[in-house]
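# next one to model:
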Amino acid sequence: MITNSIESLCDSAQAFVKQQLDLCSDRGLKVRLFETYRSPERQLDLFNKGYSKLKRGGMHEYRIAWDIVFVKEGKPSWDKNHKWKALGQTGADLGLDGLCWGGNWTSFTDLPHFQVVPATPNDQSLIRGGYTPPGPFPILKYKDRGYQVKLLQSLLTDINIDGMYGNQTKERVKFHQSISGYLTVDGVARNGLWKYLIRKVK
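Predicted structure coming up:
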């Protein structure tokens, strides 16, 4: 049985999925959430059919992974001609190394797959041990205001910290998105930019 309910994910994964689906809609990507939680029995079935490299212990089982597919004529579609790189870019804009896209994997490419932690033994062993990853930072954009904007401005350079997301803040955000080399340059501060800026401060 396939589960595609957002509510079946952990709280932080739910927050990521909601931001990601909104971003896909903003960018004109016709997609839908296909699968979230996956039972051990379904994981084994997918392995036996050659659809997964994992026999057990996948991140879907721990409620931190989800699959997003395109919609074609009202039905789920895995057609390779879809804009999968654009879908993967939504993950980059929302995550840095904290939101992992299966399309970047080399041993087994999984275009619809996203998970909250990197696909490394150490990170995934933490999940299996009961660790719950944090949720995304808030999305901030032009004309927003408040203490969250002040926090963002404190991470930017050569800017007034006034709590108002005006043209100056937007341009500095675009500057950092550009020099990152992987973020979409649109002047909107998403989780990927937050984590990039925090790393620069460290």
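
# average pLDDT across the longest strand seen in the chain?
If you go by DSSP state E, the chain has its longest strand at strand 65-72. Mean pLDDT, taken over the full extent of strand 65-72, equals 97.

# just stretch 136-155 next, same as before
Averaged across stretch 136-155, pLDDT comes to 94.

# who's in contact with the longest strand of the chain?
Defining contact as Cβ atoms under 8 Å, 6 or more residues apart in numbering, one finds that strand 65-72 is touched by 9, 13, 17, 20-21, 24, 29-36, 38, 58-60, 76-79, 82-83, 87, 112-116. For the C-beta atoms, the positions are set from N, CA and C on the backbone; glycine is no exception.

# just those residues: which are in strands?
Mapping the contacts of strand 65-72 onto strands (DSSP E) picks out V31, R32, L33, F34, E35, P76, S77, H113, F114, Q115.

# next one: the most centrally placed residue in the chain from G103, what distance?
With distances taken as Cα atoms, centre = their mean, G91 lies nearest the centre of the chain, 3.6 Å away. Applying Cβ to Cβ, to the nearest Å, one obtains 8 Å for the distance of G91 from G103.

# what pairs with the longest strand of the chain, parallel or antiparallel?
Strand 65-72 has the following sheet partners, assigned by DSSP bridges: strand 31-35 (antiparallel), strand 75-77 (antiparallel), strand 113-115 (antiparallel).

# so who does the residue nearest to the centre of the chain touch?
Taking Cβ under 8 Å, 6+ apart, we find G91 in contact with Q20, L99, C100, W101, F114.

# understood, closing this out.
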